[in-house]
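Asker: Curious how this folds, go ahead:
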Amino acid sequence: MALVRGWPFEGRTLPWADPVIQEMHSRITDTTHTLARWHTRSKNPDLDAARHTIQHALDVEETSEVLYRDLLHIEAATGNHAPVRKVIARAQHIARTYDITTETTINEVLTGAVPRATRA
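Answerer: From the prediction side, this is the model:
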């Protein structure tokens, strides 16, 4: 993930590059989701590493619903409500801007349906 920096092709609009950019975004999202899951579900969860990985990817692909869900689950697992609310506000803003639905995950986090992380 350290190699991922900014928008592909520096945000220039190159019609031939659209499929390449979409593929880059898909791979960044998939890799980030996998890394976040690995960090949170390991024998010794590293929520900070998972959070950092997701935040880095969201700088590139701000519309990835799966990454917001992962981040909400991570923040909920910490038991700290301020970051949860911050992620919810950001996800809701993106959802309204791009017409994406994240309400189910938000409701799970707010009702406590997401389990807290345990440290070994």
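Asker: Give me the buried positions along stretch 64-78.
Answerer: Neighbour-count burial for stretch 64-78, counted by 16 or more other C-beta atoms under 10 Å, picks out 64-77. Heads up, the C-betas are built off the backbone N, CA and C, glycines and all.
Asker: can you list these in a markdown table and add distance to T97 and pLDDT?
Answerer: Formatted as a markdown table, the buried residues of stretch 64-78 follow (distance: C-beta to C-beta, whole Å; pLDDT from 0 to 100):
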| residue | distance to T97 | pLDDT |
| --- | --- | --- |
| S64 | 13 | 88 |
| E65 | 13 | 85 |
| V66 | 17 | 91 |
| L67 | 15 | 94 |
| Y68 | 13 | 91 |
| R69 | 17 | 89 |
| D70 | 20 | 94 |
| L71 | 17 | 94 |
| L72 | 18 | 91 |
| H73 | 22 | 90 |
| I74 | 23 | 94 |
| E75 | 21 | 92 |
| A76 | 23 | 90 |
| A77 | 27 | 89 |
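Asker: Look at the most centrally placed residue in the chain and give its secondary structure.
Answerer: Taking C-alpha atoms, centre = their mean as the criterion, L67 is the residue nearest the geometric centre of the chain, at 2.3 Å. Judged by DSSP: H, G, I helix; E, B strand; the rest coil, the three-state class of L67 is helix.
Asker: Now do the same contact list for it.
Answerer: Taking C-beta atoms under 8 Å, 6 or more residues apart in numbering, we find L67 in contact with 29, 32-33, 36, 54, 57-58, 61.
Asker: how about a cut-off of 7 Å?
Answerer: The contact partners of L67, by C-beta atoms under 7 Å, 6 or more residues apart in numbering, come to 29, 32-33, 54, 57-58.
Asker: just the residues you listed now: which is nearest A95?
Answerer: L58 (13.5 Å; C-beta to C-beta).
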